[in-house]
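K.L.:
I would like the atomic coordinates for the input below:
(3 chains)
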Amino acid sequence: MDSSTSGRDLAVGVFVLAGLAAIAYLSVQVGGLSYSGPRGFEVVATFDNVGGLSARSPAMISGVKVGQVKTIGLDADLRARVVIDIDPNLELPADTSAAIRTQGLLGDQFIALEPGAEEVLLGPGEEILYTDSALDLESLIGRVVHDAGIDDEN
Amino acid sequence: MKALVARLGRACIGFVSGLGAITRFAGAIGVVVLTRPWRFRSLSRQLYDAGALSFVLISASGMTVGMVLALQGYNTLTRFGAESSLGAVVGLSLIRELGPVLTALLVTGRAGSAKAAEIGAMVTTEQLDGLRMMSIDPVDYVATPRALAIFFAMPLLTAFFILFGILGGYLVGVNFLGLDSGTYLASLETSVDFRDDIVAAFLKAGIFGMLVGLISTYRGTTCTPTTEGVSAATTSTVVTASVCILVSDYVITALWGV
Amino acid sequence: MSRVNGSGSQDPHVEVSRVRLRFGSREVFRDLSCDFPRGAISIVMGGSGAGKSTLLRLIGGLLRPDAGEITVGGDRTSGTSPAEVLRARRRLGMLFQNGALLDSMSIFENVALPLREHTENGEAEIAERVSARLASVGLEGVEALLPRELSGGMLRRAALARAIVMDPEIVLCDEPFSGLDPPNVARIEELLRDLNRSRGLTLIVSSHHIASSLRLADQLVLLQGGASICGDPGELSESHDPRITEFLGADARAHVALRAAAEAKA
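P.N.:
Numbers count the residues shown, from 1 in each chain, chains lettered A, B, ... in the order given. Next up is the predicted model:
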């Protein structure tokens, strides 16, 4: 094999490796494909209203991202059941509360976790009992209007 | 009137028989890929031609498109005070549509037309007949490595296009328009979904790669052995492949439910 | 088949019988039959557009006739069985008009290609065989060059080396003399005659180069009006078939050459 051929093969090798690396970067970093090694543990929280929360919305403690929403569905009582993936290294007390908050006035929604004071820790698959639903601007405005004494036929 | 209807009929028959011929050609390539030993030397050479040599074109185009998207997106978003979503706008446009489609169109223009012309010239100078007389199947020896190289190069080039596009958007958004770098990347990363966006992008890239590889090698091998034949094969490759890319893009997008 | 004196050849290597072929509305062969005897040099002649190259492509199985049958050593190249065509092609080598060497490969790789594809030979054996074939056509030291770096005559000889590298029984030569200067014509002529004599190759040569054709020919095949007239030069020069006189008619030297060739053979 002459040197021009091996130089070309090298260029092709570099091209393919760099391309695969680019695909991997897009998948893992940008696309959020989590590698299936030691997975985070899942906890469940039930809300009356999840508002604009969606899968892959972040879960935060004191503004630090510690996990993300895995799935959103309905439970037997027809309330919104949110499964959250949490950083496995995190030790959350059993009386941790979850609230749906908004980044800024109109921004994306996220789950804010507020650790409690219990000694017992929240285990995988367990439910967060204290939840606070999304702030629903429309119903909030409706309530204000109602309280102001204007009759609401609904 | 009768002549007109007859012409329509002839056009339809021509279209369907063309479709049948290219399907048979695709089948022949499939058989070669599955049953014959791969020609790695030839594949490497073709990957160099179609892939490595397209890198600069693709990344420069991606970067420019990303920069334009950032400028345009910023002007629109700033009216709603939503500049913080610039990363999402640039990233999603690139990943879902512009990356795969523009890469495929650029590869068609650069590699697809070149391969069609190359094979067409080989037909004209009887090189393919020469191979046949040596009991070497031109589909195996000539068409398959070229089609495969375009097929493999497409997703890789698409990834480069998207990455450089995101980088271009970052340069304009962060360094030029003064957006926060964390905001740009965070909005990008939270809005892009693996299945809906990334998988869809590379599914498109793979299908476009197959289309461009097949069409260019098919047009080349069926080229009329004259100078005009070669130029007609080249033109027809670019036109057919471009239309197929755009139509299949719509179909994939609709079926994938993005 | 239209033979001048009516006698069929004893041992046909390639048989073409009742072939009909049309390209669109143009009829190339109406009812073409001719035999190509084993170990002989047959020259296919005819005006341009008479179908000389087309006949060679039919024999090689590159084209399929609309009707009729073509067999090469007993295997049909006019049929639909790819295995049969492949068997026939093992017996065939073809020298194309412009060489048809792959222009991205060196001369060595071009000649080595059939060996690499169809034999299990090692590098050393391949190298030995390729240089032997190149030497037999009078080419040395051109192994590393690309086809475009060779002159027309050298290119044709390199293509001939490729055509014979698998030791075929029959070599089809499409216009081997066209576009060459007289010394190169003589050289190719000599090579073809030598191949025929030393290896007993059956040669089927299409040519419009009357002088060298007549010098070489054991048999002449004249294509005219979609059919053929076969015979050795002597038979043809004795013949008063109007089609022969029509073909040779324009060129007085051709008559002389034909007579000279006939005398030389006798």
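K.L.:
Now the single nearest residue of the stretch 101-250 of chain B relative to chain A: which helix or strand?
P.N.:
Proximity of the stretch 101-250 of chain B to chain A (Cβ to the nearest Cβ) peaks at residue B:156, 2.7 Å away. All C-beta atoms are positioned from the backbone trio N, CA, C, and that covers glycine. Residue B:156 is part of helix B:144-170 when elements are defined by DSSP states H and E.
K.L.:
That helix: how far from the chain's middle?
P.N.:
Chain-centre distance of helix B:144-170: 9 Å, with Cα atoms, centre = their mean, to the nearest Å.
K.L.:
What ranges in chain A fall below the confidence cut-off?
P.N.:
A:1-4, A:33-39, A:104-107, A:135-137, A:149-154 (pLDDT under 70).
K.L.:
How much space separates the nearest residue to residue C:188 once chain neighbours are set aside from residue B:253?
P.N.:
Leaving aside its sequence neighbours, residue C:188 sits nearest to residue C:176 (Cβ to Cβ, 6 or more residues apart in numbering or on different chains; 5.3 Å). Taking Cβ to Cβ, to the nearest Å as the measure, residue C:176 falls 58 Å from residue B:253.
K.L.:
next one: residue B:29
P.N.:
Distance from residue B:29 to residue B:253, by Cβ to Cβ: 26 Å.
K.L.:
Looking at the two, which one has more neighbours?
P.N.:
Relative neighbour count places residue B:29 above the other of residue B:29 and residue B:253, with 23 against 15, counting by other Cβ atoms under 10 Å in any protein chain shown.
K.L.:
for the helix or strand hosting the more buried one, packing partners?
P.N.:
Taking DSSP H and E as the definition, residue B:29 sits inside helix B:2-35. On a contact count with 3 or more Cβ pairs under 8 Å, 6 or more residues apart in numbering or on different chains; DSSP states H and E, helix B:2-35 meets helix B:144-170, helix B:200-221.
K.L.:
I'd like those helices as a markdown table, with mean pLDDT appended.
P.N.:
What follows is the helices and strands packed on helix B:2-35, written out as a markdown table (pLDDT from 0 to 100):
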| stretch | mean pLDDT |
| --- | --- |
| helix B:144-170 | 96 |
| helix B:200-221 | 95 |
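K.L.:
Ok, which of the ones you listed comes nearest chain C?
P.N.:
So among the helices and strands packed on helix B:2-35, helix B:144-170 is nearest, using Cβ to the nearest Cβ, at 11.9 Å.
K.L.:
Tell me the spacing between the residue in chain C positioned nearest to chain A and residue B:82.
P.N.:
Closest contact between chain C and chain A, by Cβ to the nearest Cβ, is at residue C:144 (9.4 Å). Computed as Cβ to Cβ, the residue C:144 to residue B:82 distance reads 64 Å.
K.L.:
Name the residue in the two with the higher neighbour count.
P.N.:
A count of neighbours by other Cβ under 10 Å puts residue B:82 above the other of residue C:144 and residue B:82, at 16 against 11.
K.L.:
ok, that one to chain C distance?
P.N.:
Counting by Cβ to the nearest Cβ, to the nearest Å, the separation of residue B:82 from chain C is 54 Å.
K.L.:
Helix B:144-170 and the helix holding residue B:29, what's the angle between them?
P.N.:
Here the directions of helix B:2-35 and helix B:144-170 differ by 90 degrees (axes from the mean of the first three to the mean of the last three Cα atoms, to 10 degrees).
K.L.:
quick one, domains of the chain?
P.N.:
By default, I'm working from chain A. A:1-33, A:41-141 (automatic domain parsing).
K.L.:
let's do chain C instead
P.N.:
C:2-91+C:169-265, C:106-167.
K.L.:
No further questions, thank you.
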